[in-house]
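**Student:** Below is the sequence, then the predicted model.
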Amino acid sequence: MWNFLVAFIPRAIAQGIPLLFGSTGEIVTEKSGNLNLGIPGVMYVGAISGVIGSFLYESSTANLNPAQMNAFLAILIPMACCLMGSFLMGLLYCFLTVTLRANQNVTGLAMTTFGVGFGNFFGGSLIKLVGADVPSIALSATSSYFSKALPFAGKLGWFGKIFLSYGFLAYLAVIIALVASYVLNHTRVGLHLRAVGEDPNTADAAGINVTRYKYVTTCAGCMIAGLGGLYYVMDYACGVWSNNAFGDRGWLAIALVIFTIWRPNLSILASFLFGGLYILYLYIPTGMDHMEYQELYKMIPYVVTLVVLVFTSIRSKRESQPPASLGRAYFREER
């Protein structure tokens, strides 16, 4: 049993990191009153933007041995491209929903469709450009810098394998979630942001710039979520891009927001739990005659989310509810 846990927990954590990035970014966004259902598309764009940056850098250093590559640039260029692509998606969402006051649900779903199509188009173009025999592209040189674990992790036995065997983006995800939780609950900025999400009219009357808070937090949330897509490709998938390989992780990240009742600190353990539930079917023997049972096991994270949603609705505690103005456009009165 112990050997099973030592093998299972690291895989669950690795699966949960993209969910942690996505859920943290969505929580920050929703605290401003914006319901961004485009997070799956944002994560997709973040992933393909990082892949494009990595591809351009590897192409420019094709005559070098991977060990001779500049580690700083190998990390900086894909991350910068990822953050820029995710930022532009957030900016587009804000322009449509905050400035033009478009319906947030429709806009988010449209952006998810756009993001997936954008990623598949440019991903497919890169695959054709390199003339790969398989429908994927491998960026192993830059990926090795993202997935490199702490050098002493292997010497610490089970402790090192469970806690120290991940790339730097995994620890960055935890740090961002903790910082977001602190800012939301213990700073003036967080207080103003929660005021905007609860009642933008009152916040505006108090002198808080509602539009600025919505723009900044939504774009920041999209950039955080985009890092989840980058982590999946450059670390978890070892730098291999395949169209539609990201699966439904973006939707799981949104479900995780409800599961954690809009608390970034709770997202840390909850994302690892969801990561474990996501791969649980691989560890449950079903036999070749009952492969359909695997699809039932894949439903477990969503079923758990529905149970939590029903439970929190019954309790009706204010701290367990979403921001009061979530999903509603703000119309500023003339003053």
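**Tutor:** Alright, I've got the coordinates. Source: prediction; values computed, not measured.
**Student:** okay, CA-based contacts and neighbour counts for the rest of this
**Tutor:** Noted.
**Student:** Would you list the phi and psi of residue 324?
**Tutor:** Dihedral angles of residue 324 (phi, psi; degrees, to the nearest 10) stand at phi -60, psi -30.
**Student:** So which residues of this structure form strands?
**Tutor:** 137-138, 240-241 (DSSP state E).
**Student:** in its sheet, what does the last one sit against?
**Tutor:** When you say that, I think you mean strand 240-241. Strand pairing for strand 240-241, determined by DSSP bridges: strand 137-138 (antiparallel).
**Student:** In the one helix or strand in the chain whose mean pLDDT sits lowest, which residues are buried?
**Tutor:** Lowest mean confidence among the helices and strands of the chain (mean pLDDT, DSSP states H and E): helix 292-298, at a mean of 73. For helix 292-298, a neighbour-count test (16 or more other C-alpha atoms under 10 Å) marks 294, 297-298 as buried.
**Student:** got JSON lines for those, with distance to residue 40 too?
**Tutor:** Formatted as JSON lines, the buried residues of helix 292-298 follow (distance: C-alpha to C-alpha, whole Å):
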{"residue": "294", "distance to residue 40": "23"}
{"residue": "297", "distance to residue 40": "22"}
{"residue": "298", "distance to residue 40": "18"}
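**Student:** Extract the C-alpha trace of the least confident helix or strand of the chain and format it as CSV.
**Tutor:** The C-alpha trace of helix 292-298 is given here as CSV (Å, rounded to 0.1, in the frame of the first residue of the first chain):
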residue,chain,number,x,y,z
GLU,A,292,-16.9,1.7,-20.4
TYR,A,293,-16.5,1.7,-16.6
GLN,A,294,-13.5,3.9,-17.0
GLU,A,295,-15.7,6.7,-18.3
LEU,A,296,-17.8,6.5,-15.1
TYR,A,297,-14.6,6.9,-13.0
LYS,A,298,-13.7,10.0,-15.1
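**Student:** Tell me the pLDDT of residue 291.
**Tutor:** As predicted, residue 291 sits at a pLDDT of 66.
**Student:** typo on my end, it should be residue 43
**Tutor:** For residue 43, the predicted pLDDT is 96.
**Student:** go on, residue 334?
**Tutor:** At residue 334, the pLDDT value in this model is 50.
**Student:** How about residue 105?
**Tutor:** For residue 105, pLDDT reads 95.
**Student:** wait, what's in contact with it?
**Tutor:** Residues near residue 105 by C-alpha atoms under 8 Å, 6 or more residues apart in numbering: 35-37, 327.
**Student:** now could you export just the CA positions of stretch 299-307 as PDB?
**Tutor:** The C-alpha coordinates for stretch 299-307 follow below in PDB (Å, rounded to 0.1, in the frame of the first residue of the first chain):
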ATOM      1  CA  MET A 299     -17.000  11.600 -14.000                       C
ATOM      2  CA  ILE A 300     -16.000  11.400 -10.300                       C
ATOM      3  CA  PRO A 301     -14.500  15.000 -10.000                       C
ATOM      4  CA  TYR A 302     -17.600  16.500 -11.500                       C
ATOM      5  CA  VAL A 303     -19.900  14.500  -9.300                       C
ATOM      6  CA  VAL A 304     -18.000  15.600  -6.200                       C
ATOM      7  CA  THR A 305     -18.300  19.200  -7.400                       C
ATOM      8  CA  LEU A 306     -22.100  18.900  -7.800                       C
ATOM      9  CA  VAL A 307     -22.300  17.500  -4.300                       C
END
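**Student:** what is the rounded mean pLDDT of that stretch?
**Tutor:** 80.
**Student:** Same check on stretch 145-161?
**Tutor:** Averaged across stretch 145-161, the pLDDT comes to 85.
**Student:** How much space separates residue 155 from residue 4?
**Tutor:** Applying C-alpha to C-alpha, to the nearest Å, the value for residue 155 to residue 4 is 19 Å.
**Student:** same deal with residue 49?
**Tutor:** With distances taken as C-alpha to C-alpha, residue 49 is found 36 Å from residue 4.
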